[in-house]
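S.K.: next come a sequence and a model predicted from it.
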Amino acid sequence: MTIFQKMLIVPLISIVIYASFILYADSRYRKTSDAVVEIRDDYIPMLDIAAGNNSIFKEISQTFKDAVLAGETSWVHDSDELNGQVIYNFYQFEKHPHIVDLISLRQAKDSFNQYYTISKTFALAIINGDDVVGNNSLSSDTQQSYNQTKDSFSQLRQNIFLQFKKSINSTNQDMKQLVFWGGIVSLILIMVFTTVTIITSLTTRKNLWLLNRRMKSLATGGTDFSKRLKPTSRDELGTLIYWFNQLSIKLEGEHKQLEIISNTDKLTQLNNRMCTDNFIAKVLPDSNSSTKPLSVVIVDIDFFKSINDKYGHQIGDEVLVAFADILRNNFRDSDFVGRWGGEEFIIALVDTKLETAKKLIERLRITIQSHNFDKVGQVTASFGLTQANSADDIDSLFKRIDDNLYQAKESGRNQVITDEE
């Protein structure tokens with residue numbers, strides 16, 4: 001995934017999530033709007049009808065009283081129209097069972113019908129002058145029925161109002177939840193977007209900084225090709241780091257090969273003069289300041305010019321190669337063996353005192369003398385040996401070696417000369 005895709009995918013996902021939430025919120029909003037319309041078209045009219053029933057009930061009660069006081073039978077029958085209105089209102093209630101409690105409605109209907117029947121009978125009995133005792137009994141029943149009807153009408157209206165209030169609260173709660181979750185979703189998306197952006201930016205910045213640092217190091221002559229950058233992703237930067245690592249591997253191999261070539265004598269494959277100078281300069285300070293003694297010897301093949309003159313330079317080169325193999329095979333890996341120049345070779349014995357070094361070099365002298373060189377036969381060598389001391393620098397060290405080597409040649413060759421002799 002590219003850096004651009006990383007930076008783009010989070011906003012796209014955020015848009016999809018937020019769009020989904022908007023669609024969900026829209027459906028909830030429509031549902032809430034429908035609830036508001038239902039409140040407007042159903043609940044409020046039902047409350048109005050319930051309030052109207054209470055008014056009609058009071059009007060019927062007053063009508064019966066007026067009819068009795070005036071002694072007008074026709075007034076009692078006029079209440080039938082009001083009774084019809086109450087019955088019609090009950091019918092309207094029955095059409096909205098989700099709003100009106102049917103049990104309360106049934107109680108209200110039964111109480112009203114009982115009241116209306118008893119009250120009408122009682123009013124007509126009084127107007128017609130019927131038995132007083134019976135009228136008193138009807139009066140008691142009428143009052144009781146009146147109270148029951150009044151309570152049932154109030155309870156019916158109260159139940160509708162509670163249902164109305166519940167619907168209002170539910171609608172408000174839905175709206176609050178939409179606002180709340182809208183804020184939560186927005187906050188989460190912003191946090192995710194910000195976090196991903198920061199992480200991507202920091203990771204990219206860090207890798208770019210490391211890559212820039214390594215490239216700058218190589219561009220300014222750095223030769224440490226071993227450090228590799230770790231790709232953290234498969235984006236453009238990860239691909240760039242991968243190919244930079246491949247370039248580092250190639251440069252490291254070429255540098256090692258070039259280092260070997262620059263430090264190795266082409267003919268003998270021993271360390272060359274430049275490598276020797278670097279090695280002595282490196283180990284000499286340690287031998288001066290610590291308990292690690294350093295013994296150095298220069299080996300010169302005796303009468304090598306005669307070998308070239310007699311057998312030719314090709315045979316002379318073969319002698320040099322065979323001589324180098326003898327030196328290489330007779331010393332430790334920690335010791336240094338190099339070609340000093342021409343027919344001269346140098347051996348640096350690390351952590352070796354002069355007495356021990358002399359024994360090793362003497363054994364080497366005998367090995368060389370005993371070796372049968374192809375087409376040439378016996379070859380000998382002269383050795384100038386010394387041990388570095390605390391006052392030595394490179395010039396003073398090699399002056400003593402040269403003096404000892406010169407003495408070995410002047411004294412008849414094929415021998416080891418040290419400072420003590």
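M.R.: Ah, there it is.

S.K.: report the central residue of the chain.
M.R.: In the chain, the centroid-proximal residue (C-alpha atoms, centre = their mean) is Ile199; its distance is 6.9 Å.

S.K.: helices or strands up against the helix or strand containing that residue?
M.R.: Using DSSP states H and E, Ile199 sits within helix 132-219. Helices and strands touching helix 132-219, as assessed by 3 or more C-beta pairs under 8 Å, 6 or more residues apart in numbering; DSSP states H and E, comprise helix 3-38, helix 44-70, helix 102-128, helix 236-263. For every residue, glycine as well, the C-beta is placed using N, CA and C.

S.K.: what angle sits between the longest one and helix 44-70?
M.R.: Angular relation of helix 3-38 and helix 44-70 on a 0 to 180 degree scale: 10 degrees, by axes from the mean of the first three to the mean of the last three C-alpha atoms, to 10 degrees.

S.K.: can you name every helix or strand that helix 3-38 contacts?
M.R.: Helix 3-38 packs on helix 132-219, going by 3+ C-beta pairs under 8 Å, 6+ apart.

S.K.: mean confidence score for the helix it packs on?
M.R.: Per-region confidence: helix 132-219 scores 78 on mean pLDDT.

S.K.: quick one, it and helix 3-38 angle?
M.R.: Computed by the same axes, to 10 degrees, the angle separating helix 132-219 from helix 3-38 equals 170 degrees.

S.K.: between helix 132-219 and helix 102-128, how big is the angle?
M.R.: Helix 132-219 runs at 160 degrees relative to helix 102-128, counting by the same axes, to 10 degrees.

S.K.: just how off-centre is helix 132-219 within its chain?
M.R.: Offset of helix 132-219 from its chain centre (C-alpha atoms, centre = their mean, to the nearest Å): 34 Å.

S.K.: cool, and stretch 389-400?
M.R.: 61 Å.

S.K.: so how far is the first residue of it from its last?
M.R.: With C-alpha to C-alpha, to the nearest Å as the measure, stretch 389-400 spans 11 Å from end to end.

S.K.: quick one: the residue nearest to Met215 when sequence neighbours are not counted from Leu251, how far?
M.R.: In this structure, Met215 finds its nearest non-sequential neighbour in Phe244, 7.3 Å apart by C-beta to C-beta, 6 or more residues apart in numbering. Using C-beta to C-beta, to the nearest Å, Phe244 is found at 10 Å from Leu251.

S.K.: ok, Lys206 next?
M.R.: Computed as C-beta to C-beta, the Lys206 to Leu251 distance reads 23 Å.

S.K.: that older thread, among the helices and strands packed on helix 132-219, which comes closest to Ile160?
M.R.: Across those, Ile160 has its closest neighbour in helix 44-70 (5.2 Å, C-beta to C-beta).

S.K.: after that closest one, which helix or strand is next?
M.R.: With elements assigned by DSSP H and E, the helix or strand that comes after helix 44-70 is helix 73-94.

S.K.: flag the shaky bits of the stretch 301-421 of the chain, pLDDT-wise.
M.R.: 420-421 (pLDDT under 70).

S.K.: which stretches in it count as helices?
M.R.: 304-311, 313-329, 354-370, 394-410 (DSSP state H, counting those that start in this stretch).

S.K.: re earlier: now for the residue nearest to Met215: which residues touch it?
M.R.: Neighbouring residues of Phe244 by C-beta atoms under 8 Å, 6 or more residues apart in numbering: Leu211, Arg214, Met215, Leu229.

S.K.: among these, which two are most distant?
M.R.: With C-beta to C-beta as the measure, no two of the contacts of Phe244 lie farther apart than Met215 and Leu229, at 10.1 Å.

S.K.: which one of these two has more residues nearby?
M.R.: Leu229 (18 against 13; other C-beta atoms under 10 Å).

S.K.: follow-up on the earlier one: angle of the helix holding Ile199 against helix 236-263?
M.R.: Using the same axes, to 10 degrees: helix 132-219 against helix 236-263 is 20 degrees.

S.K.: nearest spatial neighbour of Asn414, skipping sequence neighbours?
M.R.: Leaving aside its sequence neighbours, Asn414 sits nearest to Thr380 (C-beta to C-beta, 6+ apart; 3.8 Å).

S.K.: with that, I have no additional questions.
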